[in-house]
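Enquirer: The following comprises the amino acid sequence and a computationally predicted model.
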Amino acid sequence: MKSSEIWYHLYPLGFLGAEDRNPAPGALEGPISHRLADLVGWLDHLVELGVTGLLLGPIFESESHGYDIVDPFRVDRRLGSEADLRQLIDECHQRSLRVGLDVVFHHVGRGHPFFVDVLAHGRESARSDWFHINFDRPGDDGFRYANFEGHGQLVKLKHGNEQVLDWAVDVARYWLERGVDALRLDAAYAIPAGFLATFESRLHALRPDLLLIGEVIHGDYVAIAKASRLSSVTQYELWKAIWSSLNERNFYELAHALQRHIDFCRHFVPWNFVGNHDTTRIVSKLSDRRHLPHALAILFTLPGIPAVYAGDEQAAEGRKYDREGGDAEIRRPLAYRPGDLAGDSLLIWQLHRGLIAIRRARPWLADGALKVRQLANRSIAFEVRSQENLLVTVLNTDDQPVSCTIPAGLVPVAGHAVARPEATELPAHGWAIWSST
């Protein structure tokens, strides 16, 4: 892991206003919309914000939302061409921004040529062993096949087939050779650990510094990370604890998650976030918007890798619904382009930039020792310490001020810090960060 990594996570199909359906998925000919080129205009905005990497959601040729891939060696025609992507990567690298791609190796779309061949030839297909198919059980296609969590459009791959592993490695190698620095493994929790471990070991020779991020929503994070040889794992437990503890004014929930976080840090690098392309926006999730700075203070001071979901830095709103198309609000284009921010959106952007600057100036936070110092239902203080440095974050969701003792030698660097001789009092719903440097 690079020191002081902060990633900007972006879902290109929605961010760039692409059509919901690919007009010609997998076709060799047909129209191409060069939308990826528009992202170059956002890169200076990212540099000014202070992030160090750009993680792109699914960009490969697919039928609809990007996770029903039909050709992982081609850029989705709704986004552009491989030349557009390579130009974007070059522009990022010129600005010292790393680039990550979202890859899908748990399943493919029904329109993938390999599954289309199975539909055409049944048992006789040379690709029938690539999928979990029961030709003896009737189904809409004349047989049954395993899919991803009940979604019939997403056909589960047979990971015990060595050809599937070779294909996944070839896909990853293809894009790594074109300058990609990190891979996010979609649905990593549902892929056999042995498959991912072998995948990682084969890529390690090509890119020893490869950042491999596993999407793990549930399960034993530590066991999955270790067995799968993942660099980082999505910290959904922390995500839930942040907004829930603030909404319920119950920091005991956050303290429990922080104790878990301490253990996680011993085994892998947590991927920390308060929003992504699958979750309700943090501004919409919080019942009291006064607590947004509290959520961000947690995100940017804890050990691990913090990630900002595109639009959160300008207070974008949107809810995720449990229905088809329920992601639309959280994946749509943003209201403001770089340079057009104003009012509350500008203030939130400035808050992000300030907290990211604090993080960048203190690279030791990435792997520092975390400890809860003080705890009550509506207030909490936690510290992150290295051998020579110390940072303390204090949060208050009470309607009354709260007092807390801050170690000598620390200075306030953000928030509502009102110094007193031996203690510090935060106002109602206040927050503050103190640091030794």
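Expert: Good, I have the coordinates.
Enquirer: Quick check: what element follows the helix or strand bottoming out on mean pLDDT in the chain along the chain?
Expert: One helix or strand of the chain scores below all others by mean pLDDT, DSSP states H and E: strand 418-419, with a mean of 52. On the C-terminal side of strand 418-419, the nearest following helix or strand under DSSP states H and E is strand 424-426.
Enquirer: Mind giving me the packing neighbours of that next one?
Expert: The helices and strands touching strand 424-426, judged by 3 or more Cβ pairs under 8 Å, 6 or more residues apart in numbering; DSSP states H and E, are strand 390-396, strand 402-404, strand 418-419, strand 431-435. For the C-beta atoms, the positions are set from N, CA and C on the backbone; glycine is no exception.
Enquirer: Please enumerate residues in contact with that strand?
Expert: Taking Cβ atoms under 8 Å, 6 or more residues apart in numbering as the criterion, the residues outside strand 424-426 that touch it are 379, 394, 396, 401-406, 412, 415-418, 432, 434.
Enquirer: Swap in 6 Å and give it another go.
Expert: Counting by Cβ atoms under 6 Å, 6 or more residues apart in numbering, the neighbours of strand 424-426 from elsewhere in the structure are 396, 401-404, 406, 416, 418, 432.
Enquirer: and what of stretch 275-282?
Expert: Where contact means Cβ under 6 Å, 6+ apart, the residues beyond stretch 275-282 that reach it are 9, 11, 57, 274, 295, 309, 312, 316-320, 330-331.
Enquirer: Next, count neighbours for G41.
Expert: G41: 12 surrounding residues under other Cβ atoms under 10 Å.
Enquirer: Excluding residues flanking it in the chain, which one is nearest it?
Expert: Nearest non-adjacent residue to G41, counting by Cβ to Cβ, 6 or more residues apart in numbering: P338, 6.9 Å away.
Enquirer: In terms of pLDDT, where does that neighbour sit?
Expert: Note for P338: predicted pLDDT of 82.
Enquirer: helices and strands around the longest helix seen in the chain, which ones?
Expert: Counting by DSSP state H, the longest helix found in the chain is helix 343-360. Where contact means 3 or more Cβ pairs under 6 Å, 6 or more residues apart in numbering; DSSP states H and E, helix 343-360 is packed against helix 292-301.
Enquirer: 8 Å - rerun?
Expert: In terms of contacts (3+ Cβ pairs under 8 Å, 6+ apart), helix 343-360 is packed against helix 43-49, helix 292-301, strand 411-415.
Enquirer: Quick one: low-confidence residue ranges for the stretch 301-437 of the chain.
Expert: For the stretch 301-437 of the chain, applying pLDDT under 70 flags the ranges 418-423.
Enquirer: so after the helix or strand encompassing D71, what's the next helix or strand?
Expert: Element membership for D71 (DSSP H and E) is strand 69-75. Along the chain past strand 69-75, the next helix or strand (assigned with DSSP H and E) turns out to be helix 82-94.
Enquirer: what's in contact with that next one?
Expert: Residues outside helix 82-94 that contact it (Cβ under 8 Å, 6+ apart) are 34, 36-37, 39-40, 43, 54, 59, 74-75, 98-99, 178-180.
Enquirer: ok, now stretch 373-381?
Expert: Contacts of stretch 373-381 with the rest of the structure, by Cβ under 8 Å, 6+ apart, involve 249-252, 254-255, 372, 382-383, 392-398, 402, 404-405, 426.
Enquirer: Any of the residues you listed buried? List them.
Expert: Neighbour counting over the contacts of stretch 373-381 (16 or more other Cβ atoms under 10 Å) leaves 249-251, 254-255, 372, 382-383, 392-398, 402, 404, 426 as the buried ones.
Enquirer: could you pull out the helices for this structure?
Expert: Counting by DSSP H, residue ranges of the helices within the chain are 12-15, 43-49, 82-94, 113-121, 162-176, 193-204, 221-228, 236-248, 251-265, 282-285, 292-301, 328-331, 343-360.
Enquirer: L355: which of the contacts of stretch 275-282 is nearest?
Expert: L355 has its nearest neighbour among the contacts of stretch 275-282 in A295, at 10.7 Å by Cβ to Cβ.
Enquirer: How about the contacts made by that closest one?
Expert: Counting by Cβ under 8 Å, 6+ apart, A295 makes contact with 242-243, 246, 274, 282, 286.
Enquirer: any idea how far it lies from A381?
Expert: If you measure A295 against A381 using Cβ to Cβ, to the nearest Å, the figure is 16 Å.
Enquirer: and what of D220?
Expert: Counting by Cβ to Cβ, the separation of D220 from A381 is 30 Å.
Enquirer: more crowded one of the two?
Expert: Here D220 and A381 are set side by side on neighbour count (other Cβ under 10 Å), and the busier one is A381, at 24 against 11.
Enquirer: Just list whatever residues bridge to the more buried one.
Expert: Under DSSP bridges, the beta-bridge partners of A381 are Q374, V394.
Enquirer: What separation is there between it and A257?
Expert: Computed with Cβ to Cβ, the distance linking A381 and A257 is 15 Å.
Enquirer: Let me see the contact set for the closest residue to G311 other than its chain neighbours.
Expert: The shortest distance from G311 to any residue that is not its chain neighbour, by Cβ to Cβ, 6+ apart, is 4.9 Å, and that residue is L334. If you count contacts by Cβ under 8 Å, 6+ apart, L334 has them with 15, 310-311, 314, 316.
Enquirer: domain assignment for the protein?
Expert: Under the assignment automatic domain parsing, the domains of the chain span 7-110+149-367, 111-148, 369-435.
Enquirer: sorry, back to before: among the helices and strands packed on helix 343-360, which comes closest to P113?
Expert: Of all the helices and strands packed on helix 343-360, helix 43-49 comes closest under Cβ to Cβ, at 34.4 Å.
Enquirer: pLDDT averaged over stretch 57-69 - what is it?
Expert: According to the model, stretch 57-69 has a mean pLDDT of 97.
Enquirer: what's in contact with it?
Expert: With Cβ under 8 Å, 6+ apart as the criterion, stretch 57-69 contacts 9-13, 20-22, 25-26, 36, 70-77, 79, 85, 101-102, 104, 107-112, 153-154, 186, 277, 327.
Enquirer: Same question for stretch 223-238.
Expert: Residues lying outside stretch 223-238 but in contact with it, judged by Cβ under 8 Å, 6+ apart, are 1, 185, 188-189, 191, 193-194, 196-197, 200-201, 210-218, 221, 257-258, 260-261, 264, 267-273, 276, 302, 304-305.
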